[in-house]
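J.: Have a look at this fold, sequence not included:
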């Protein structure tokens, strides 16, 4: 080597060496590692569900950009882009009213990259299309390293991301609104004497959960979706969850639960997350600050009724011998 240092070569890794199957391996990995894609896109990405039904078809991933509340959909493949996936992408965009449409692939054919550019030029500014090439690299015997490369995006996207980040640093944008709202809400919960006022974790600005009052393996939460408020009981798919409060047990007693709650509820099996939720929704936006007192009243009332219904029906449905 004549004393020269050894420089290892950067080698590309076959994607299917890491993820053998798109639906069974790559999609679940993306669901649980949204932060890697979020960094590349410049979003506060929260993925909610895999294999989301759209008519007779299934969208790979659906979620939201927590910074804006925009609906985000993702179609991914471990191969080069093709016409079939482009058609699916447009079908899913129409079926979900998505604001951000993301196509992930191993390589983007020039025709498909131009198609995304054309869509960004011709659609309204509230709808954005992204093409993201995925690569995996290895140096010598090192662990594989993932790289997302955005190859198609709206012309002003980079500027908008930088502008949003700067606005948030100046205290502008939606983040301060969320933080102020949750402070007002938790103060109101405490002032009204509810024992579940202590918040748990808040990993994102648009939702909050509570560490008290939920059965083991579950948590109560409140959040803003793209155009709604949501009050929920989130059920983890864990072995320690109480049989009497499993999603299946509540689904069996849906009528009783809704009777005690006082209105209908949404039962959502989040199969991609191996979790589920029981929730109620109402229209609303964090930007409608004049309606905040109404939102606070709704959140507290919805949570109070949901907690009472879960406790009553959970106890009544406890099977003997469990």
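T.: Thanks, I have the structure now. Worth saying up front: this structure is predicted, and the values here are computed from it rather than measured.
J.: elements contacting the lengthiest helix in the chain?
T.: The helix that spans the most residues within the chain, counting by DSSP state H, is helix 292-316. Judged by 3 or more Cβ pairs under 8 Å, 6 or more residues apart in numbering; DSSP states H and E, the packing partners of helix 292-316 are helix 175-191, strand 218-224, strand 228-236, helix 247-252, helix 254-261, strand 275-283. Every C-beta, even on glycine, is put in place using the N, C-alpha and C of the backbone.
J.: now what about that helix, what contacts it?
T.: Identification of contacts with helix 292-316 by Cβ atoms under 8 Å, 6 or more residues apart in numbering yields 181, 184-185, 188-189, 192, 194, 196, 213, 215, 220, 222, 229, 231-233, 242, 244-245, 250, 253, 256-258, 260-262, 265, 278, 280, 282, 284.
J.: sorry, back to before: okay, the helices and strands packed on helix 292-316, which one's buried deepest?
T.: When you average the neighbours per residue for each of the helices and strands packed on helix 292-316 (mean count of other Cβ atoms under 10 Å), strand 218-224 leads with a mean of 23.
J.: so what's the most centrally placed residue in the chain scoring on pLDDT?
T.: Most central in the chain under Cα atoms, centre = their mean is residue 47, positioned 2.6 Å from the mean C-alpha point. pLDDT recorded at residue 47 is 85.
J.: and the longest helix of the chain, average pLDDT?
T.: Rounded to a whole number, the mean pLDDT of helix 292-316 is 90.
J.: for stretch 12-25, same thing?
T.: For stretch 12-25, the per-residue pLDDT averages 86.
J.: buried set for it?
T.: Buried residues in stretch 12-25, counted by 16 or more other Cβ atoms under 10 Å: 15, 19, 22.
J.: re the thing from before, what would the helices and strands packed on helix 292-316 look like in JSON lines with mean pLDDT?
T.: Formatted as JSON lines, those follow (pLDDT from 0 to 100):
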{"stretch": "helix 175-191", "mean pLDDT": "85"}
{"stretch": "strand 218-224", "mean pLDDT": "87"}
{"stretch": "strand 228-236", "mean pLDDT": "88"}
{"stretch": "helix 247-252", "mean pLDDT": "85"}
{"stretch": "helix 254-261", "mean pLDDT": "93"}
{"stretch": "strand 275-283", "mean pLDDT": "89"}
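J.: Export these as CSV, with columns for distance to residue 299.
T.: What follows is the helices and strands packed on helix 292-316, written out as CSV (distance: least, Cβ to Cβ, whole Å):
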stretch, distance to residue 299
helix 175-191, 6
strand 218-224, 5
strand 228-236, 6
helix 247-252, 21
helix 254-261, 15
strand 275-283, 9
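J.: Residue 35: which of the ones you listed is closest?
T.: Proximity to residue 35 (Cβ to Cβ) singles out helix 175-191 among the helices and strands packed on helix 292-316, at 17.0 Å.
J.: Good, we can wrap up now.
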